[in-house]
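>>> Fold the following for me, if possible:
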Amino acid sequence: MAKKQVLAPTLFITFCLYILTPWLSFNNIHFLMFNFEFHRFEFLFMAFEASTHQLIYIVISLFIGLLVGLNFTISRFFCGYFCPSSIATFITTSIKNPFILFLTILLFAFVLAFSTISYFTTASNLVLNFTKFDTASIFVGILTTLFTSIFLVFRGWYCSILCPYFFVSAILPQKDKQTFEFFDKESCIDCNKCVKVCPIDELDIKAGFDIRCVQCGLCEVACEKVMLKFNKLSLIKKKFEDRNIFKSFSKNGYIFGIVVFLLMIFVIFYILDSSFLDNCYFTNKELYK
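Coordinates of the predicted model:
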């Protein structure tokens, strides 16, 4: 199966799970929510009482744990198969009309922003109160503007400079990472199809290994289609033929990743049981007596 045939449904399923998760609830307790309104951490339809400080520390711990753990396990495959920026790449390459493209990206950015904020407040309440321009609605607007700007203007620049996932990936060992390589330069017809389909601006697979590569494999598919017309094989192939998204790093990488995930879970439970954290609910209190 072609790489693009695998990539598109994977991105679609991941995005659907992300936007549906905030709506999953049982007895008014959600599958996953950092409920600042009622001061509780909700996970697997169980509620844990938590102060504002605890919820903030849980969010930070979860973010760092997933950031490092995913880098050790699936590495840059996350960027190509799960990152919303890759969905934006499919949209921009599929729609040629600038006006329709802008509206589509804007709608996609809004849904993504709305779903993100829904992890911190009830999604149904966010819908009902959206026109009241409360704090949650304002954050949805800010994130929508930010995502739209990244997807339409700064996508390649953000992915290769500012993205925290890329930063962590760049400082980890590169030896065993899956990467695509360009072979047989003499057979290249200089069509630059591989460069045009790449979601990262100014990344040329023909120039050799580049840490910015997100492992999406679209360059391999593009080259394969062109060379098929000349009855030749693709000039871009995997460096490690036996590697895939589930085998993207060394065994030590998976061990480190599992350790990070376990440490993250331990830290979250420790935070929930911590007695030294203040119950700061951001309510009006007398500052001086």
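>>> can you give me the helices for the stretch 151-289 of the chain?
In the stretch 151-289 of the chain, the segments counted as helices under DSSP state H, counting those that start in this stretch are 155-157, 164-171, 193-196, 218-228, 251-273.
>>> wait, which of these is closest to residue 32?
Closest to residue 32 of those is helix 251-273 (Cβ to Cβ; 12.1 Å). To be clear about C-beta, it is placed using only N, CA and C from the backbone, and glycine gets the same treatment.
>>> Give the buried residues for that closest one.
253, 254, 256, 257, 260, 261, 264, 267, 268, 271, 272 (16 or more other Cβ atoms under 10 Å).
>>> Ok, stretch 188-199 next?
Applying 16+ other Cβ under 10 Å to stretch 188-199 flags 188, 193, 194, 195, 197, 198, 199 as buried.
>>> which intervals of this protein have sub-threshold pLDDT?
Applying pLDDT under 70 to the chain flags residues 1-8, 173-179, 239-253, 274-289.
>>> Do a quick rundown of the strands in it.
Using DSSP state E, the strands of the chain run over 25-26, 29-30, 32-35, 40-43, 46-49, 180-182, 236-238.
>>> Need the residues that contact the last one.
What it means is strand 236-238. The contact list for strand 236-238 (Cβ atoms under 8 Å, 6 or more residues apart in numbering) reads 178, 179, 180, 181, 182, 183, 194, 205, 219, 220, 223, 224.
>>> and if you look at the fifth one?
In this structure, residues lying in contact with strand 46-49 by Cβ under 8 Å, 6+ apart are 29, 35, 39, 40, 41, 42, 272.
>>> and if you look at the first one?
Outside of strand 25-26, the residues that reach it under the criterion Cβ under 8 Å, 6+ apart are 31, 45.
>>> next one: it to chain centre, how far?
Here strand 25-26 is found 25 Å from its chain centre; the criterion is Cα atoms, centre = their mean, to the nearest Å.
>>> Include distance to residue 107 when you put the strands of the chain into a markdown table, please.
As requested, these are exported to a markdown table (distance: least, Cβ to Cβ, whole Å):
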| stretch | distance to residue 107 |
| --- | --- |
| strand 25-26 | 25 |
| strand 29-30 | 25 |
| strand 32-35 | 24 |
| strand 40-43 | 28 |
| strand 46-49 | 33 |
| strand 180-182 | 32 |
| strand 236-238 | 33 |
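>>> Switch those strands over to CSV; also include mean neighbour count and distance to residue 64.
Formatted as CSV, the strands of the chain follow (neighbours: other Cβ atoms under 10 Å; distance: least, Cβ to Cβ, whole Å):
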stretch, mean neighbour count, distance to residue 64
strand 25-26, 12, 27
strand 29-30, 20, 22
strand 32-35, 19, 15
strand 40-43, 19, 16
strand 46-49, 14, 20
strand 180-182, 19, 29
strand 236-238, 18, 31
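>>> Between the ones you listed, which one is closest to residue 140.
Nearest of the strands of the chain to residue 140, taken as Cβ to Cβ: strand 32-35 at 15.9 Å.
>>> returning to what we had before: closest to residue 101 among the buried residues of helix 251-273?
The nearest one, if we look at these relative to residue 101 and count by Cβ to Cβ, is residue 257, at 36.9 Å.
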